[in-house]
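In: Give me coordinates for this.
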Amino acid sequence: MRARGQRTVIVSPAGITVATVLGVTAGITPGRGATAMPSGTLTLNASLRLTSSLGACVPPAGADHCAARTIHGPFPGLGALEGRYEFLVDQGPPACAGDDGRALAYPTRLAVTGKGEIHVAVAEAAECVPAESIRTQTQTFAVTGGTGIYTGASGSGTLERRLGGETASGRVGTETWTGTLSVPGLEFDTTPPVFSGAVGRTVRAPRRATRVRVVFAVTASDETDGAVPVSCHPRSGGLFRVGRTVMTCSATDTSANTATARFTVTVTRRR
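Out: Alright, predicted model coming up:
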């Protein structure tokens, strides 16, 4: 017997797509009367900052080159994420012709601050490509387990990379993770915080004044974390020029769901 539910939360107050919860599934498996734990499934779609340093690790047998890589950044639906791995390359004969090569398989662990780790096995690339394209070659991955709240995790997807030019510390770019992640008994938080007080206002400045100090209070609340910090630019208590100033406020919860609000402060002169 199976029961299926679906809940989608995709847009922040600023209209930013955050994430999608695909469904919660429960069933009777496999022994008589044994009930499987419901699994939440998160659609993965996030770009993390990637730093790659070729030659910073020793290639093992079967690999010609090794680059030490780190990834980090906010991952909507998970939180602040960091990972390290060795990017291995097989270049030239017998697997590839000339200087062509391919990215090899490797394991990695994605650490989510305060929550646990997600264990991932990245598969070797399917084909040989020109030497300059190897470092950004697309690879598939499979989630093989986890720790903390991600114990029993499974899933799969694709890694796509972009890297800039060589610098003293290596190359810097992005690594984009797309796919799905399922964890028994876990309901992923994909709802962004909600603002209070982010409304337009008008302030009168004294005669001949060109600027006036404006104080305002904007707060944000998250259904999972409760009150969360808010950052506004320009900030409260600053000097605002006569005219209209568009304010931008943002708030992020511990699952890296970000909400943005905008409102206008209008400063007029007294007549």
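
In: Show me which helix or strand of the protein is least confident by mean pLDDT.
Out: Here the helix or strand of the chain ranked lowest by mean pLDDT, DSSP states H and E is strand 21-27, holding a mean of 35.

In: In CSV, could you pull the C-alpha coordinates for the following helix or strand past it?
Out: The helix or strand immediately downstream of strand 21-27 is strand 39-54, counting by DSSP states H and E. Taking C-alpha atoms only, strand 39-54 is exported to CSV below (Å, rounded to 0.1, in the frame of the first residue of the first chain):
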residue,chain,number,x,y,z
SER,A,39,11.0,9.9,2.6
GLY,A,40,11.3,13.6,1.7
THR,A,41,12.8,14.4,-1.7
LEU,A,42,14.5,17.7,-2.6
THR,A,43,15.2,18.9,-6.1
LEU,A,44,18.8,20.0,-6.2
ASN,A,45,19.7,23.1,-8.1
ALA,A,46,22.5,25.3,-6.7
SER,A,47,25.8,26.8,-7.9
LEU,A,48,28.6,26.6,-5.4
ARG,A,49,31.9,28.5,-5.5
LEU,A,50,34.6,26.2,-6.9
THR,A,51,38.4,26.6,-6.3
SER,A,52,40.7,24.2,-8.2
SER,A,53,44.5,23.9,-7.7
LEU,A,54,46.2,21.6,-10.3
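
In: which residues of the stretch 101-250 of the chain fall in strands?
Out: Shown for the stretch 101-250 of the chain, the strands assigned by DSSP state E, counting those that start in this stretch span residues 101-103, 106-112, 116-122, 139-146, 154-163, 171-184, 194-196, 201-205, 211-213, 219-222, 226-228, 231-233, 239-241, 243-252.

In: Same list (those strands) but as JSON lines, adding mean neighbour count and distance to residue 42.
Out: (C-beta placed from N, C-alpha, C; glycine too.) Below are the strands of the stretch 101-250 of the chain laid out as JSON lines (neighbours: other C-beta atoms under 10 Å; distance: least, C-beta to C-beta, whole Å):
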{"stretch": "strand 101-103", "mean neighbour count": "24", "distance to residue 42": "26"}
{"stretch": "strand 106-112", "mean neighbour count": "19", "distance to residue 42": "12"}
{"stretch": "strand 116-122", "mean neighbour count": "20", "distance to residue 42": "11"}
{"stretch": "strand 139-146", "mean neighbour count": "18", "distance to residue 42": "11"}
{"stretch": "strand 154-163", "mean neighbour count": "17", "distance to residue 42": "8"}
{"stretch": "strand 171-184", "mean neighbour count": "18", "distance to residue 42": "5"}
{"stretch": "strand 194-196", "mean neighbour count": "17", "distance to residue 42": "21"}
{"stretch": "strand 201-205", "mean neighbour count": "14", "distance to residue 42": "38"}
{"stretch": "strand 211-213", "mean neighbour count": "13", "distance to residue 42": "44"}
{"stretch": "strand 219-222", "mean neighbour count": "19", "distance to residue 42": "17"}
{"stretch": "strand 226-228", "mean neighbour count": "13", "distance to residue 42": "20"}
{"stretch": "strand 231-233", "mean neighbour count": "13", "distance to residue 42": "26"}
{"stretch": "strand 239-241", "mean neighbour count": "14", "distance to residue 42": "41"}
{"stretch": "strand 243-252", "mean neighbour count": "18", "distance to residue 42": "17"}
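
In: can you put the ones you listed in JSON lines and add distance to residue 128 and mean pLDDT?
Out: Shown next, in JSON lines, are the strands of the stretch 101-250 of the chain (distance: least, C-beta to C-beta, whole Å; pLDDT from 0 to 100):
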{"stretch": "strand 101-103", "distance to residue 128": "5", "mean pLDDT": "96"}
{"stretch": "strand 106-112", "distance to residue 128": "18", "mean pLDDT": "97"}
{"stretch": "strand 116-122", "distance to residue 128": "17", "mean pLDDT": "98"}
{"stretch": "strand 139-146", "distance to residue 128": "14", "mean pLDDT": "98"}
{"stretch": "strand 154-163", "distance to residue 128": "17", "mean pLDDT": "97"}
{"stretch": "strand 171-184", "distance to residue 128": "21", "mean pLDDT": "97"}
{"stretch": "strand 194-196", "distance to residue 128": "50", "mean pLDDT": "97"}
{"stretch": "strand 201-205", "distance to residue 128": "62", "mean pLDDT": "93"}
{"stretch": "strand 211-213", "distance to residue 128": "63", "mean pLDDT": "93"}
{"stretch": "strand 219-222", "distance to residue 128": "47", "mean pLDDT": "97"}
{"stretch": "strand 226-228", "distance to residue 128": "48", "mean pLDDT": "97"}
{"stretch": "strand 231-233", "distance to residue 128": "47", "mean pLDDT": "96"}
{"stretch": "strand 239-241", "distance to residue 128": "60", "mean pLDDT": "94"}
{"stretch": "strand 243-252", "distance to residue 128": "41", "mean pLDDT": "96"}
